[in-house]
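[1] This is the structure alone, sequence omitted:
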């Protein structure tokens, strides 16, 4: 079974475990179709976007246990595997370059693993910071992804975004047209999640 990391960020923050006395909680998460993982990049000529619907790498219904220690949150499901060739784009050249850059034949999966979530103060404007290990082409680097969240009833939206350099993974940006077209080394990873979230016992009653 594929494990998930970012969804649980959603769960923890949404149910109020960050301010409750309870040290752990079991949650039910219903992931919606609007959830998407996007990668934004640019060259000296054109910008491009690669994207993958959440349904391709996240199960629709999840049951997760979240635990709190001090001001940090830890998750029972903390690893996300993303098939590289399930990304798509309207820019076919950028998509081909992306597959080649990521060495998708040798390393078909991009891996993301959560270490913990550092909760923010209410006035900070963010829900917290997710400390995440990103593995590309068998090289792992640690990053901090700011998390923003919005709530309407039991429905929640979560946005995680971070700019990183592909050189962190010993990858070189592609060059075309005898050097006239150069892709920038910096890309922005964005995970946008839309979920319904309930404590597991209440979700069972609602069935």
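    Right, received. Where do you want to start? These numbers come from a predicted model, not from an experiment.

[2] quick one: strands adjacent to whatever helix or strand residue 157 lives in?
    Under the criterion of DSSP states H and E, residue 157 resides in strand 155-165. Sheet pairing for strand 155-165, assigned by DSSP bridges, gives strand 139-152 (antiparallel), strand 186-199 (antiparallel).

[3] Off-centre distance for it?
    In terms of C-alpha atoms, centre = their mean, to the nearest Å, the centre of strand 155-165 is found 6 Å from the chain centre.

[4] re earlier: quick check: which of the strands paired with strand 155-165 is buried the most?
    Mean neighbours per residue, mean count of other C-beta atoms under 10 Å, is largest over the strands paired with strand 155-165 for strand 186-199, with a mean of 19. Yep, even glycine has a C-beta here, placed from its N, CA and C like the rest.

[5] now for the strands paired with strand 155-165, which one comes closest to residue 99?
    Nearest of the strands paired with strand 155-165 to residue 99, taken as C-beta to C-beta: strand 186-199 at 14.3 Å.

[6] pLDDT on the closest one, on average?
    Mean pLDDT, computed over strand 186-199, is 86.

[7] Report the beta-bridge partners for residue 118.
    Beta-bridge partners of residue 118, counted by DSSP bridges, are residue 72, residue 129.
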